[in-house]
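[1] How does the following fold in three dimensions:
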Amino acid sequence: MTDPAAVPESYALLVYREDQRWQVGPLPAEATDDLDALIAAVRRQPGEAGSFALVDVADEFFVVVRVQMGRVRVLLSDVTASVAWELAAQVLEHLHLDPPGDGDLDDVWPVGDLGVFDDMGLDEMELGAILSDVDAYADEMLSALARRLGFGEVYERVVDALVGQ
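    Numbering: from 1, shown residues only. Here you go, the predicted model:
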């Protein structure tokens with residue numbers, strides 16, 4: 001499996017609302033390959049409507065982990081990533097799903113909780129539309145998601161600082 005720590009474009013962000021303002025900050029690099037560490041980090045920051053982590057792994061795929069009132073919700077943007085990336089494999093294990101077989105590697109599809117942001121005004125259909133753009137990289141999908149949820153500017157500032165653009 002590929003080591004995401006060796007890929008500088010991989011990053012994990014913690015997102016939450018406090019005093020009705022979006023807060024976005026980086027998580028340690030280890031969070032890009034450890035689902036348990038992600039869940040623990042999100043649990044430590046409850047926020048007004050729960051907090052969540054957004055993880056972009058080399059612009060290949062992304063993971064969302066949201067903890068809301070103790071409930072852990074997970075979304076993986078591309079199930080086929082589980083064949084090559086440890087974090088994606090851990091997400092499938094968490095969801096009790098098998099990795100795709102050799103014949104299924106040509107099709108990209110998300111797995112997990114597509115309703116993860118329903119209460120924030122981003123329903124499954126709209127999130128599905130973002131995820132179905134086969135020409136978009138993971139960072140572009142996450143940027144679209146952040147804009148749609150209302151924290152696009154602060155998200156872009158943090159990402160730009162992390163990846164050195």
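[2] hey, let's count contacts and neighbours off CA atoms from now on
    Fine.
[3] low-confidence ranges in the protein?
    The chain contains residues with pLDDT under 70 at 1-8, 48, 102-106, 165.
[4] ok, 80 please
    Residue ranges of the chain with pLDDT under 80: 1-9, 46-50, 101-108, 164-165.
[5] Which residue ranges of it form helices?
    Ranges of helices in the chain, per DSSP state H, are 35-43, 86-94, 124-131, 138-149, 152-163.
[6] Is it possible to get JSON lines of these that adds distance to V72 and mean neighbour count?
    Below are the helices of the chain laid out as JSON lines (distance: least, CA to CA, whole Å; neighbours: other CA atoms under 10 Å):
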{"stretch": "helix 35-43", "distance to V72": "8", "mean neighbour count": "19"}
{"stretch": "helix 86-94", "distance to V72": "10", "mean neighbour count": "20"}
{"stretch": "helix 124-131", "distance to V72": "17", "mean neighbour count": "16"}
{"stretch": "helix 138-149", "distance to V72": "19", "mean neighbour count": "18"}
{"stretch": "helix 152-163", "distance to V72": "22", "mean neighbour count": "15"}
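[7] can you give me the end-to-end distance of stretch 72-87?
    In stretch 72-87, first residue to last residue: 16 Å (CA to CA, to the nearest Å).
[8] actually stretch 13-33, not the one I typed
    Stretch 13-33 has an end-to-end distance of 13 Å (criterion: CA to CA).
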